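Trainee: One predicted model, sequence on top.
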Amino acid sequence: MSQANTPWHGKSVLVVDDYLAVRKTIKELAQSLGMVPVEAENGLKAQEILKNAKIDLVITDLVMPEMDGFELTEAIKNDPNLRSTPVVIISTHADSKYIFRALRLGADDYLTKPPTAEMVNTVLTRIFDHDW
């Protein structure tokens, strides 16, 4: 399947991470998969973007200053205008307590760092390909 034929081609993705290098990596990965990335360095900045732009997917780190990924996920899923926006947590924390907490708060998926194109492609297929 070419990237132009994927259900996520052209969709916007908000990449939230306090480390520029990580944001750059995920941004490049998203672009290679045909998505349009937008960046934020923490959950507060992400909330500002979400209020002012149409975002199709949020990929967020867990540990960030000002507002972490748990708080951001909870805020998105409790907002009637945003709750249908898929949220994918991406973190170095692979412990089940982090994964379960993220999923309980409404995260749609959980990836461990560093992400690979295959991992992201699999998650995007689960989120956007509704032909199953």
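Mentor: Alright, I've got the coordinates.
Trainee: which intervals of this structure have sub-threshold pLDDT?
Mentor: Residue ranges of the chain with pLDDT under 70: 1-4, 130-132.
Trainee: Would you map the strands across it?
Mentor: In the chain, the strands defined using DSSP state E lie at 12-16, 36-40, 57-60, 87-91, 109-112.
Trainee: most centrally placed residue in the protein?
Mentor: Centroid-nearest residue in the chain: residue 59, 1.4 Å away (criterion: Cα atoms, centre = their mean).
Trainee: Look up which residues are beta-bridged to the residue lying closest to it once chain neighbours are set aside.
Mentor: Counting by Cβ to Cβ, 6 or more residues apart in numbering, the nearest residue to residue 59 once its immediate chain neighbours are dropped is residue 88, at 4.8 Å. C-beta here means a position set from N, CA and C on the backbone, and glycine is covered the same way. Bridge pairing for residue 88 (DSSP bridges) gives the partners residue 59, residue 109.
Trainee: Number of residues surrounding residue 88?
Mentor: Residues near residue 88, counting by other Cβ atoms under 10 Å, number 23.
Trainee: which residues does it contact?
Mentor: Taking Cβ atoms under 8 Å, 6 or more residues apart in numbering, we find residue 88 in contact with 57-60, 107-111, 123, 127.
Trainee: Residue 50: which of those is nearest?
Mentor: residue 58 (7.5 Å; Cβ to Cβ).
Trainee: List the contacts of the closest one.
Mentor: Taking Cβ under 8 Å, 6+ apart, we find residue 58 in contact with 13-14, 16, 46, 50, 72, 76, 85-88.
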